[in-house]
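Visitor: Here is my input; please provide its structure:
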Amino acid sequence: MNKSDEKSAAVKALNKSELIEKMADAADISKAAAGKALDAFTDAIGEALKVGKTVSLIGFGTFAVKERAARTGRNPQTGAAIEIKASKTPSFKAGKALKDAVQ
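Guide: Coordinates of the predicted model:
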């Protein structure tokens, strides 16, 4: 592979079906079982975040909910000031092992 091939390969996103296939191969289980496991994983994280808990996976990272304060924004078409209400947003902070793996 030349450098441009490596760069384009690194940019390609891994979609859900490709992730399920990799999980099934790595765990030697069916794709259906891997799909159920992935769905259960994402559901569990979503439910925990909904009630304000954080989810820490040592070496991988931490999922949490961050509070965004209310602020004044601008309508890009008119330039008029608008109030943006406070909100909660999910966040992910990568753990050391994940950061090291990416380097």
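Visitor: what about stretch 70-87, how long is it end to end?
Guide: With CA to CA, to the nearest Å as the measure, the ends of stretch 70-87 fall 7 Å from one another.
Visitor: which outside residues touch the longest helix that the chain contains?
Guide: For the chain, the helix with the greatest residue count under DSSP state H is helix 31-50. For helix 31-50, the surrounding residues in contact (CB atoms under 8 Å, 6 or more residues apart in numbering) are 16, 19-21, 23-24, 27, 29, 54-55, 63-65, 90. No exception for glycine: its C-beta is placed from N, CA and C like everyone else's.
Visitor: So which of these are in helices?
Guide: With helices identified by DSSP H, the entries of those that belong to them are K16, L19, I20, E21, M23, A24, A27.
Visitor: Okay, now the unreliable bits of the protein?
Guide: Segments of the chain classed as low confidence (criterion: pLDDT under 70) are 1-11.
Visitor: quick one: I20 and D28, what's the gap?
Guide: In this view, I20 and D28 are 14 Å apart by CB to CB, to the nearest Å.
Visitor: ok, those two, which is more surrounded?
Guide: I20 (20 against 6; other CB atoms under 10 Å).
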